[in-house]
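In: Compute the structure for the input listed below.
(2 chains)
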Amino acid sequence: MQRYSPGDSPIHRAAPGAKLVALFAIGVLIALLSSTPALAALSALIMALFLIARLSVRDTAQALSPVILVAAAVFALQWWLTGIGEALRSVLRIFALVLAASLVTLTTPFSRMIDTLAAAAGPLAAFGFNPARFGLAAALVIRFIPVLMNDFREIEMARAARGSRRPALGAAGPLIIKTLRMTDTLSEAILARGFETREEAMRGGGRSDAAR
Amino acid sequence: MIEFRGVSRSFSGAPVLVDINLALGERRIAIIGGNGSGKSTFARLINGLIVPDDGEVVVDGLSTRKDGPRVRRKVGLVFQNPEHQIVMPTVEEDLAFGPRNIGLGAAETEARMAQLLEGYGLAAKRHLPAHALSGGEKKLLTLLSVLIMQPDYIVFDEPMNSLDLAARCRFAATMDALPQALITITHDFDLVAGYDRALLLENGRIAADGPPATVIAAYRESLGLAAL
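Out: Numbers count the residues shown, from 1 in each chain, chains lettered A, B, ... in the order given. So this is what the prediction gives:
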């Protein structure tokens, strides 16, 4: 996911919900379009939106860089299987979708995104589902991917230092145990920072069960 | 004023704290003791993350059992490992997490955030992912995430753990300058040498209570390290 790039463009100011709906619509359009010029025009339009959002060429390149290898592999496979036309369309689809998704994440603070997702999940509160927890879970996934990757590397190095030659999967057990221990402290930290107040507000009142 | 009134707490049937009676009113209080002596439980009891099995913890007249959320707004807790306290992906969003939880307005949140980031030298890192910060900066971020809630008391659980020498010195100076009342759980005796009061916890009881020098001497003696 691309990091938020602060700004004051019309795209930055647009409601996150509207951007997510637009992203969904673009996704559908990309799936439906079967003409190369149309897909190229759509990709160009999305790149024009990058200009309107006053995002740099570096931001655009960074948005595409994670998928370049995948796109190259898809291009080669499609060319071999179906010809150059379909290969080109496949790559345009990938680039257009990644650019559109990156445009949303580059112009929307993550906290506003999860607020929108939590608000969208609001009707589920009637079925006992807490929207605040939904938003928090999304944030935690993004936050802890690098933390867990770092923990994994540390465990792997510790195993290698002790002569382990087993594959990386062997680190999974210690990593799970470490993660479970971390979640205890993390849940305390979340509570200590007032999350129960927010939860109660989104649930629409009732007594907090935090002080149990 | 933080009061422990006949507080006992067990985990899985094993007593961790036993009949603690205390009134904590000093600006700087150190809690020392060996591993498993009940220090972390003590810290969590103060802001109501756990409540006593018996007795009561009262913060400025508020019971942690009945007024947990209000107590937690008065008492901030800086955890041992910053990785486990930073909740949101970026510096700015993590700072805003607490204020958003309690419904603080965007303008007030922004004003507090800007003041803290400028004041503590993290303004340039505002939009960075939390994982891109150094260990000292992560520790500072956890402190700022507490300060933005404007608590009256701050509890530090082993604040110097995993900090290098430079970061330790900087963080100690930062702690020293805080206007809030501090309760610091630590093995770092230099950090708390100038504190107003120290408590020694042993086997879930207060084994010594007084000026840091006296309490640290009692701790060393109890370990047979008085001559070291």
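In: For stretch A:117-131, list every residue counted as buried.
Out: A:117-118, A:121, A:130-131 (16 or more other Cβ atoms under 10 Å in any protein chain shown). Bear in mind the C-beta positions are built from the backbone N, C-alpha and C, glycine included.
In: The residues you listed also near chain B: which ones?
Out: Here nothing survives when these are matched to chain B using Cβ under 8 Å from any Cβ of the partner chain.
In: Quick one: distance of stretch A:149-168 to the chain centre.
Out: 28 Å (Cα atoms, centre = their mean, to the nearest Å).
In: and if you look at stretch A:89-104?
Out: For stretch A:89-104, the distance to the chain centre is 14 Å (Cα atoms, centre = their mean).
In: Figure out the length between the terminal residues of stretch B:113-131.
Out: Using Cα to Cα, to the nearest Å, one end of stretch B:113-131 lies 19 Å from the other.
In: CA atoms of stretch A:127-136 as CSV?
Out: Provided in CSV are the C-alpha atoms of stretch A:127-136 (Å, rounded to 0.1, in the frame of the first residue of the first chain):
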residue,chain,number,x,y,z
PHE,A,127,-26.3,-8.0,14.4
GLY,A,128,-23.9,-7.5,17.3
PHE,A,129,-20.9,-6.5,15.1
ASN,A,130,-18.9,-3.6,16.4
PRO,A,131,-17.9,-1.2,13.5
ALA,A,132,-15.1,0.4,15.7
ARG,A,133,-13.4,-3.0,16.0
PHE,A,134,-13.6,-3.5,12.2
GLY,A,135,-11.8,-0.2,11.6
LEU,A,136,-9.2,-1.0,14.3
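In: What mean pLDDT does stretch B:76-84 get?
Out: On average, the pLDDT along stretch B:76-84 is 89.
In: Name the surrounding residues that touch that stretch.
Out: A:147, A:182, A:185-186, A:188-189, A:192, B:43-44, B:46-47, B:49, B:85, B:135, B:138-139, B:141-143, B:146-147, B:149, B:151, B:153-159, B:161-162, B:180 (Cβ atoms under 8 Å, 6 or more residues apart in numbering or on different chains).
In: where does chain A come near chain B, residue by residue?
Out: Contact residues (Cβ under 8 Å from any Cβ) of chain A with chain B: A:3-6, A:109-111, A:136, A:139-140, A:142-143, A:146-147, A:150, A:182, A:185-186, A:188-198, A:201, A:208, A:210-212.
In: could you redo the last one with a cut-off of 7 Å?
Out: A:3-4, A:6, A:109-111, A:139-140, A:142-143, A:146-147, A:182, A:185-186, A:188-198, A:201, A:208, A:210-212 (Cβ under 7 Å from any Cβ of the partner chain).
In: Against B:Q80, how distant is B:Y195?
Out: Separation of B:Y195 from B:Q80 (Cβ to Cβ, to the nearest Å) stands at 19 Å.
In: Next: A:S65.
Out: When A:S65 is compared with B:Q80 (using Cβ to Cβ), they lie 37 Å apart.
In: hmm, back to that, which pair of the buried residues of stretch A:117-131 spans the longest distance?
Out: Greatest spacing in these, by Cβ to Cβ: A:L117 and A:N130 (12.9 Å).
In: neighbour-wise, which of A:S65 and B:Q80 wins?
Out: B:Q80 (20 against 10; other Cβ atoms under 10 Å in any protein chain shown).
In: Name the helix or strand for the more buried one, please.
Out: For B:Q80, there is no enclosing helix or strand under DSSP states H and E.
In: What spatial separation is found between it and B:T90?
Out: Applying Cβ to Cβ to B:Q80 and B:T90 gives a distance of 23 Å.
In: same check, this time on A:A126
Out: 33 Å.
In: what do you get for A:G17?
Out: 21 Å.
In: repeat for B:D53
Out: 40 Å.
In: Can you check what pLDDT the model gives residue 157?
Out: No chain was given, so I picked chain A. Looking at A:M157, the pLDDT reads 80.
In: not quite, I wanted chain B
Out: pLDDT, B:D157: 92.
In: hmm, back to that, between B:D53 and B:T90, which has more neighbouring residues?
Out: Remark: of B:D53 and B:T90, B:T90 carries more neighbours, 24 against 13, as counted by other Cβ under 10 Å.
In: wait, isn't the more buried one in contact with B:H127?
Out: Yes: using Cβ atoms under 7 Å, B:T90 is in contact with B:H127, at 6.1 Å.
In: okay, and the common contacts of those two?
Out: Residues touching both B:T90 and B:H127 (Cβ atoms under 7 Å, 6 or more residues apart in numbering or on different chains): A:Y4.
In: how far out from the middle of the chain is the lowest-mean-pLDDT helix or strand in chain A?
Out: Across the helices and strands of chain A, mean confidence by mean pLDDT, DSSP states H and E is lowest for helix A:195-203: a mean of 75. Averaging C-alpha positions (Cα atoms, centre = their mean) puts helix A:195-203 24 Å from its chain's average.
In: same question, stretch A:82-100
Out: 21 Å.
In: C-alpha coordinates for that stretch, PDB please?
Out: C-alpha atoms of stretch A:82-100 as PDB (Å, rounded to 0.1, in the frame of the first residue of the first chain):
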ATOM      1  CA  THR A  82      -2.800 -15.500 -26.800                       C
ATOM      2  CA  GLY A  83      -0.700 -12.900 -28.700                       C
ATOM      3  CA  ILE A  84       0.600  -9.400 -28.200                       C
ATOM      4  CA  GLY A  85      -2.900  -7.700 -28.100                       C
ATOM      5  CA  GLU A  86      -4.200  -9.600 -25.100                       C
ATOM      6  CA  ALA A  87      -0.800  -9.300 -23.400                       C
ATOM      7  CA  LEU A  88      -0.900  -5.500 -23.800                       C
ATOM      8  CA  ARG A  89      -4.500  -5.300 -22.500                       C
ATOM      9  CA  SER A  90      -3.600  -7.500 -19.400                       C
ATOM     10  CA  VAL A  91      -0.700  -5.200 -18.500                       C
ATOM     11  CA  LEU A  92      -2.900  -2.100 -19.000                       C
ATOM     12  CA  ARG A  93      -5.500  -3.500 -16.700                       C
ATOM     13  CA  ILE A  94      -2.900  -4.200 -14.000                       C
ATOM     14  CA  PHE A  95      -1.400  -0.800 -14.300                       C
ATOM     15  CA  ALA A  96      -4.700   1.000 -14.400                       C
ATOM     16  CA  LEU A  97      -6.000  -0.800 -11.300                       C
ATOM     17  CA  VAL A  98      -2.800  -0.400  -9.300                       C
ATOM     18  CA  LEU A  99      -2.600   3.300 -10.200                       C
ATOM     19  CA  ALA A 100      -6.200   3.900  -9.200                       C
END
